[in-house]
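> make a model of this:
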Amino acid sequence: MLIDKSPRPQAGRALALVAFWIFAAVALALMLAEHRAHAWGFGWHALLLGGCVALLYLLIRAGDGSGDGRGAE
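Sure thing, here's the model as predicted:
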């Protein structure tokens, strides 16, 4: 007859459960931080992109000095 003589057979399962919840909490914190960075940081990206387009337009427009936008001919 086999008798389980281990003092606490559920100790390993409890440790695994604690490790899972710690991992889940860290994953949730990182996911929220990443979402916040993308959700609130898009305005700065849009301003930077718009500024680059405006600067490119001004540089092309004023490149030859004539102002017609066709470049030096």
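
> what stretches of this structure score poorly on pLDDT?
Along the chain, segments meeting pLDDT under 70 span 1-9, 37, 39-41, 63-73.

> where do the strands sit along it?
For the chain, strands defined by DSSP state E do not occur.

> this structure: helices as residue ranges?
Applying DSSP state H to the chain gives helices spanning 11-61.

> what count of nearby residues applies to residue 44?
By other C-beta atoms under 10 Å, the residues close to residue 44 number 9. For glycine as for every other residue, the C-beta is placed from the backbone atoms N, C-alpha and C.

> please shift the residue numbers so they start at 37 in all later answers.
Okay, residue one is now 37; in that scheme the one you just asked about reads as residue 80.

> please tell me how far it sits from residue 68.
Residue 80 sits 19 Å away from residue 68, going by C-beta to C-beta, to the nearest Å.

> how about residue 84?
25 Å.

> again, but for residue 97
Taking C-beta to C-beta, one finds residue 97 at 44 Å from residue 68.

> now residue 95
Relative to residue 68, and taking C-beta to C-beta, residue 95 is found at 41 Å.

> same check, this time on residue 56
According to C-beta to C-beta, residue 56 and residue 68 sit 19 Å apart.

> and residue 79, by the same measure?
19 Å.

> got it, and residue 58?
With the distance defined as C-beta to C-beta, residue 58 ends up 16 Å from residue 68.

> same question, residue 55
Residue 55 sits 21 Å away from residue 68, going by C-beta to C-beta.

> and if you look at residue 53?
Distance of residue 53 to residue 68, computed by C-beta to C-beta: 23 Å.
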